[in-house]
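J.: Here is my input; please provide its structure:
(one chain, ligands or ions: 1)
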Amino acid sequence: MEKGSVLENHTAGISIIAFVIAVGISLGYYQFIYVPQANQKPVLPPEVVNPPQTTHVRIVPGASSPSQTINFVPKQAQGILGVSNRVVWTNTDSVPHSVTSDDGYNDLISGPFNSIQHIGLIPPGQKFTFVFTVDGIYSYHCEPHPWMQGKVTIAKEKF
Ligand SMILES: [Cu+2]
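T.: Purely as a prediction, here's the structure:
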């Protein structure tokens, strides 16, 4: 009986040690390899993060009037990824406006496509800048004046 139980205790001890080591390795992998990789921002070409050119949109005087159909000019702006995917909205109206994504687009580098979450409403005479790091079509509106609607198309880089 003694001999058998000593052997069983020994086996059980090794199993527990092996289990503890396995848990330790798993936690280490999760904390030091998996989580840092999952949280890592994508590495993008510098010209995508900081494009050489800027696409401009003006918020024109009288834009807050529901009867005025001209508000974001141009209403459909176009940029090219890695060239002009930085968009600057300039408020030349006399009241504050916002530039707010219709579908809550969140850029992995630039964050939420919503001026309110970066600078609040854009005061008269001020600008809002946003860099789109992924090509696509981005619809947006003005939060206080939802009839003000615009679109930005970012085309893939031309090689
Ligand atoms: Cu507005």
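J.: What score does the spatially most central residue of the chain have for pLDDT?
T.: When Cα atoms, centre = their mean is applied to the chain, the residue found nearest the centroid is Asp107 (1.7 Å). pLDDT for Asp107: 97.
J.: and it, what is it in contact with?
T.: Contacts for Asp107 (Cβ atoms under 8 Å, 6 or more residues apart in numbering) come out as Phe113, Phe130, Val131, Phe132, Thr133, Val134. Bear in mind the C-beta positions are built from the backbone N, C-alpha and C, glycine included.
J.: send the alpha carbons of the lowest-mean-pLDDT helix or strand in the chain over as CSV?
T.: None of the helices or strands of the chain scores lower by mean pLDDT, DSSP states H and E than helix 35-39, at a mean of 76. Extracted in CSV, the C-alpha atoms of helix 35-39 (Å, rounded to 0.1, in the frame of the first residue of the first chain):
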residue,chain,number,x,y,z
VAL,A,35,-2.5,41.5,-25.9
PRO,A,36,0.3,43.8,-27.2
GLN,A,37,-0.2,42.4,-30.7
ALA,A,38,-4.0,42.8,-30.5
ASN,A,39,-3.6,46.4,-29.3
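J.: on contacts alone, who are the packing partners of it?
T.: Helices and strands touching helix 35-39, as assessed by 3 or more Cβ pairs under 8 Å, 6 or more residues apart in numbering; DSSP states H and E, are absent.
J.: just how off-centre is it within its chain?
T.: 16 Å (Cα atoms, centre = their mean, to the nearest Å).
J.: what does the helix or strand that comes right after that helix rub up against?
T.: Downstream of helix 35-39, the first helix or strand assigned by DSSP states H and E is helix 46-49. With Cβ under 8 Å, 6+ apart as the test, helix 46-49 has contacts from Leu81, Gly82, Val83, Asn85, Ile109, Val131, Thr133, Glu157.
J.: Next, format these as TSV and append neighbour count and distance to Lys75.
T.: Formatted as TSV, these follow (neighbours: other Cβ atoms under 10 Å; distance: Cβ to Cβ, whole Å):
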residue	neighbour count	distance to Lys75
Leu81	21	21
Gly82	23	24
Val83	17	21
Asn85	27	18
Ile109	13	26
Val131	18	21
Thr133	20	23
Glu157	15	24
